[in-house]
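1. With the input below, show me the fold.
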Amino acid sequence: MAKSPAKKNTKGKGFEETLWDTANQLRGSVESSEYKHVVLSLVFLKFISDKFEAKRSQLIKNGQEAFVDMDVFYQQDNVFFLPQVSRWSYVQERAKQDDIAVIIDTALSTIEKSNASLTGALPDNYFSRQGLEPKRLASLIDSIENINTLATECGVGEEDLVGRVYEYFLGRFAASEGKGGGEFYTPKSVVTLLAEMLEPYQGKVYDPCCGSGGMFVQSLKFVESHQGKSKDIAIYGQELTSTTYKLAKMNLAVRGLTGNLGERPADTFFADQHPDLKADFIMANPPFNLKDWRNEAELTSDPRFAGFRTPPTGNANYAWILHMLSKLSEDGVAGFVLANGSMSSNTSGEGEIRQKLIEDDRIECMIALPGQLFFTTQIPVCLWFISKSKHASAKYGYRDRQGETLFIDARNLGTMISRTQKELTAEDIATIADTFHAWRSSESELKRRVDKKEIGIEQYQDRAGFCKVASLDDIKANDFVLTPGRYVGAAEVEDDGVAFETKMQELTQTLYRQMDEAAELDKAIRKNMEALGYGE
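-> The predicted structure is shown next:
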């Protein structure tokens, strides 16, 4: 099948925006929050079909036509083998039929049955159940037909296309509809910052609330951008929502990644899919301030909370923290997003849990993020970094950080990208991550990284208003509150060298001059009003 070129849009729209406009035509046929599942499933089908057809053409060109229906010749190149009814060409040719929803569902179910790695990844009779209007669905298929998923015109690598469209749709839904708690979408710049700080080069990477798998994708990108190998990381995750669980599996599959997301979508607290896992890196954006996550009598003796007070029923923030701590290997580090209230709350024993975490020396770093980073919530957020051990580690090049916690106040960073949203720039991310690595690295490791230009800070130093290393006594003196602003202080104001007396004299003269000018202006206004007959 010849691949269609990417459609040029005379109005300058990107292919994601064109898809969005087409998907919006489904309004009335399907809930707007379901657009992403409809569109992503079809983009996925088009993507794997294009790869299949390209491989099939290559086999024929190489005189291997006898092998075109043998799945092993596709799988060896990380290409999914597609029976006839599962191919985009088959679906697209029947797009105008009234039973197109059934045709799509059949295609997706057949793909799953033919490719073990996609088991549980694709929607099950989803299109038929949605009651989609055939004409609108046909229009969406026509729009996707005009995207060459393997073409450089899209501006992205082929494996990133599905992820890019998914990210775009999540962002648009979050911006247009809002989604409480921030659990729906983690801004790319925040995920990138987590990856740059944790540096998951090799080992087990875990996300206990993985959503669509964005943290895993960013981990992979980090590894590849630093000339690492994707096979050096093992992915573990868990997701509660069935449709999102499927999209996460799909997101990993198109990148050739094998991830263990558990046997099924499930509640992390009540049906832990990885009870024996010890992860080297944990990246997460748990639902903020989750209420009623357990009943009063539930999980009171859970081993994940052993040694701590059981987190309160009214807020799951500390349940997530203790769950992640329990999943860390001895050298493991977790980085995650939480609402700012987690740094200071004393409600229902949360302060007691936080105090023990601090006294047990588990807190590596706390970062206050700027506002307006999230589409999904106006709640101010922060990053926590916790570890099982702060001892020196030759394996990772860490120095001994026992008794130390790094505080970073990044609230003044970020750039507005729209009227309502801000993002961290690459420079902002480097500033924060370099500060963290300069503090954590051993002397020899820091020198190596500086020499290789992996880091732009030759030696860690406290910076008033931005970063400060605090001791346990410092934190105790602040009532075990972890808000960075309490520790970093105010930024120093640069002295311009002008004496106070001189400045005061200049300011006084300016004030008197302005007062004289104001008096003259009052006279002129009064005179004009009198000339118009409005005198006293």
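
2. Name whatever forms a beta bridge with residue 233.
-> residue 203 (DSSP bridges).

3. check contacts around it.
-> By Cβ atoms under 8 Å, 6 or more residues apart in numbering, the residues touching residue 233 are 200, 201, 202, 203, 204, 205, 219, 220, 223. From N, CA and C alone the C-beta is placed, and that goes for glycine too.

4. try 7 Å
-> Residue 233 makes contact with 200, 202, 203, 205, 219, 223 under the criterion Cβ atoms under 7 Å, 6 or more residues apart in numbering.

5. What subset of those residues is buried?
-> 200, 203, 205, 219, 223 (16 or more other Cβ atoms under 10 Å).

6. Setting aside sequence neighbours, what's the nearest residue to residue 236?
-> Closest residue to residue 236 apart from its sequence neighbours, by Cβ to Cβ, 6 or more residues apart in numbering: residue 206 at 4.5 Å.

7. thought that neighbour was touching residue 279?
-> Yes - Residue 206 lies in contact with residue 279 (Cβ atoms under 7 Å); the separation is 3.8 Å.

8. All the helices of the stretch 1-150 of the chain, residue numbers only.
-> 15-23, 35-61, 72-75, 88-93, 100-114, 126-130, 134-145 (DSSP state H, counting those that start in this stretch).

9. looking at these, which is closest to residue 169?
-> For residue 169, the closest of these is helix 35-61, at 4.2 Å, according to Cβ to Cβ.

10. Format the buried ones among the contacts of residue 233 as a markdown table; extra columns: pLDDT, secondary structure and distance to residue 382.
-> Converted to a markdown table, these look like this (pLDDT from 0 to 100; DSSP: H, G, I helix; E, B strand; the rest coil; distance: Cβ to Cβ, whole Å):
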| residue | pLDDT | secondary structure | distance to residue 382 |
| --- | --- | --- | --- |
| 200 | 91 | coil | 21 |
| 203 | 92 | strand | 25 |
| 205 | 95 | strand | 22 |
| 219 | 84 | helix | 21 |
| 223 | 82 | helix | 26 |
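
11. on that earlier part again, residue 68: which of the contacts of residue 233 is nearest?
-> Nearest to residue 68 among those, with distances taken as Cβ to Cβ, is residue 223, at 33.9 Å.

12. and the gap between that closest one and residue 231?
-> Going from residue 223 to residue 231 by Cβ to Cβ, to the nearest Å gives 10 Å.

13. re earlier: phi, psi for the residue nearest to residue 236 please.
-> phi -130, psi 140 (degrees, to the nearest 10).

14. for the host helix or strand of residue 522, packing partners?
-> Here residue 522, judged by DSSP states H and E, is contained in helix 500-531. Contacting helix 500-531 under the criterion 3 or more Cβ pairs under 7 Å, 6 or more residues apart in numbering; DSSP states H and E is no other helix or strand.

15. got a list of what the nearest residue to residue 281 once chain neighbours are set aside touches?
-> Distance criterion Cβ to Cβ, 6+ apart; nearest residue to residue 281, sequence neighbours excluded, is residue 200 at 4.2 Å. Residue 200 sits next to 219, 222, 223, 233, 281 when contact means Cβ under 7 Å, 6+ apart.

16. was I right about residue 79 contacting residue 54?
-> No - applying Cβ under 7 Å as the test, residue 79 and residue 54 come out as separate, 8.1 Å apart.

17. Show me which of these two is the more surrounded one.
-> residue 79 (20 against 15; other Cβ atoms under 10 Å).

18. Name the next helix or strand downstream of the top strand by length along the chain, please.
-> Ranked by residue count and defined by DSSP state E, the top strand of the chain is strand 328-339. Sequence-wise, the next helix or strand downstream of strand 328-339 (DSSP H and E) is helix 350-359.

19. just checking, what packs against the helix or strand hosting residue 320?
-> Per DSSP H and E: residue 320 is located in helix 317-326. Other helices and strands packing on helix 317-326, by 3+ Cβ pairs under 7 Å, 6+ apart, are strand 328-339.

20. in the strand it packs on, what counts as buried?
-> 328, 329, 332, 333, 334, 335, 336, 337, 338, 339.

21. go on, stretch 306-313?
-> 308, 310, 311, 312, 313.

22. Check the gap between the closest residue to the second one other than its chain neighbours and residue 318 for me.
-> Sequence neighbours aside, residue 300 is the residue nearest to residue 310 in space, at 5.2 Å (criterion: Cβ to Cβ, 6+ apart). Plainly put, residue 300 is 14 Å away from residue 318 if you go by Cβ to Cβ.

23. Going by how many neighbours each has, rank the two and give me the top one.
-> Remark: of residue 300 and residue 318, residue 318 carries more neighbours, 25 against 10, as counted by other Cβ under 10 Å.

24. Would you mind identifying the next helix or strand past the helix or strand bottoming out on mean pLDDT in the chain?
-> Here the helix or strand of the chain ranked lowest by mean pLDDT, DSSP states H and E is helix 161-177, holding a mean of 64. Heading C-terminal from helix 161-177, the first helix or strand you meet, by DSSP H and E, is helix 188-198.

25. hmm, who's touching that next one?
-> Contacts of helix 188-198 (Cβ under 7 Å, 6+ apart): 167, 214-215, 218-219, 222, 281, 283, 333, 335, 337, 373, 385, 423-424, 429, 432-433, 436.

26. So which of those residues sit within helices?
-> Taking DSSP state H, the ones among these that sit in helices are 167, 214, 215, 218, 219, 222, 429, 432, 433, 436.

27. what's around the fourth one, how many residues?
-> A count of neighbours around residue 218, defined by other Cβ under 10 Å, yields 22.

28. Let me know the distance separating it from residue 312.
-> Taken as Cβ to Cβ, the span from residue 218 to residue 312 is 31 Å.

29. what's the answer for the second one, then?
-> The gap separating residue 214 from residue 312 is 29 Å, by Cβ to Cβ.

30. For residue 268, pull up the helix or strand it's in.
-> Here residue 268 is assigned to no helix or strand, by DSSP H and E.

31. Just the pLDDT for it.
-> Per-residue confidence at residue 268 stands at 97 (pLDDT).

32. now swap in the one 5 residues further on and tell me
-> On the pLDDT scale, residue 273 is placed at 97.

33. a helix runs through it, doesn't it?
-> No - using DSSP: H, G, I helix; E, B strand; the rest coil, the secondary structure at residue 273 is coil, not a helix.

34. give the contact list for it.
-> Counted by Cβ under 7 Å, 6+ apart, residue 273 has contacts 238, 262, 263, 266.

35. same thing but 8 Å
-> Contacts of residue 273 (Cβ under 8 Å, 6+ apart): 238, 261, 262, 263, 264, 266.

36. quick check, nearest of those to residue 520?
-> residue 238 (73.1 Å).

37. tally of neighbours for that closest one?
-> 24.

38. Kindly report the same for residue 372.
-> Count around residue 372 with other Cβ under 10 Å applied: 17.

39. Check what pLDDT it gets.
-> 86.

40. Distance-wise, check it relative to residue 417.
-> From residue 372 to residue 417 the distance is 10 Å (Cβ to Cβ).

41. what kind of secondary structure is residue 295 in?
-> Classified using three-state DSSP, residue 295 is coil.

42. Enumerate every residue touching the nearest residue to it once chain neighbours are set aside.
-> Nearest non-adjacent residue to residue 295, counting by Cβ to Cβ, 6+ apart: residue 313, 6.8 Å away. For residue 313, the contact set (Cβ under 8 Å, 6+ apart) comprises 291, 292, 293, 294, 295, 296, 348.

43. can you give me the angle the helix holding residue 320 makes with strand 328-339?
-> Inter-element angle recorded for helix 317-326 and strand 328-339: 160 degrees (by axes from the mean of the first three to the mean of the last three Cα atoms, to 10 degrees).

44. which neighbours does the longest strand of the chain have in its sheet, and in what orientation?
-> strand 279-284 (parallel), strand 381-387 (antiparallel).

45. so who does residue 357 touch?
-> Residue 357 makes contacts with 308, 321, 325, 363, 386, as judged by Cβ under 8 Å, 6+ apart.

46. quick one: which of those residues has the most company?
-> In those, the most neighbours by other Cβ under 10 Å go to residue 321, 25 neighbours.
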